[in-house]
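*Asks:* Compute the structure for the input listed below.
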Amino acid sequence: MLRGRPALGILCFVSFLALKTQAAQRSCTKDIVKRVQTLIDQAPDVVLLDVRLYTPTTEDFEKCRSSNLKCFADEIKVLCEEWKTVGVLIEKFKLDTKLEKLATFFNQTEAACRQCELFKKQNATMFLSDLKSALQMMNQQFCE
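*Replies:* The predicted structure follows:
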């Protein structure tokens, strides 16, 4: 049995690895990607409704994940409300809530990040496609 400082050092190292693995797993978004794909599949049904949504670029997303995930979440709320106005009931699967929760896993300052309203507006199909791409990019980094 190890005693003293070596044991404490090993215990701290193992604990750190476990916490790092948990943080990476929380950032894995495979289920969220499936939910976004469901919305993409439903988007052609409401193509006549010209919804324009603020859409972060891939470059912005890489620099400011937290604030951009919050932006995507806010715009998902707008999208679902707009679709409701034309009688299309879209199940958003708490997607906005999941994106907001995911944003909390990235500890970063938002001072250098662009506000959501400064991004280019895209139609719903492009917005959802860009959201899916951003989440897939995260999966490449955080999913095992």
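*Asks:* In the protein, where is pLDDT below threshold?
*Replies:* 1-27, 44-49, 88-93, 144 (pLDDT under 70).
*Asks:* these two touch, right, R65 and Q108?
*Replies:* Yes. Contact status for R65 versus Q108: in contact at 7.1 Å, counting by CB atoms under 8 Å. Heads up, the C-betas are built off the backbone N, CA and C, glycines and all.
*Asks:* higher neighbour count, these two?
*Replies:* Neighbours were tallied for R65 and for Q108 using other CB atoms under 10 Å; the higher tally belongs to R65 (21 against 13).
*Asks:* what sits against that one?
*Replies:* Each residue near R65 by CB atoms under 8 Å, 6 or more residues apart in numbering is listed here: 103, 106, 108, 138.
*Asks:* top of these by neighbour count?
*Replies:* Highest neighbour count within those: M138, with 23 neighbours (other CB under 10 Å).
*Asks:* quick one, strands of the chain?
*Replies:* All strands of the chain, identified by DSSP state E, fall at 52-54, 121-123.
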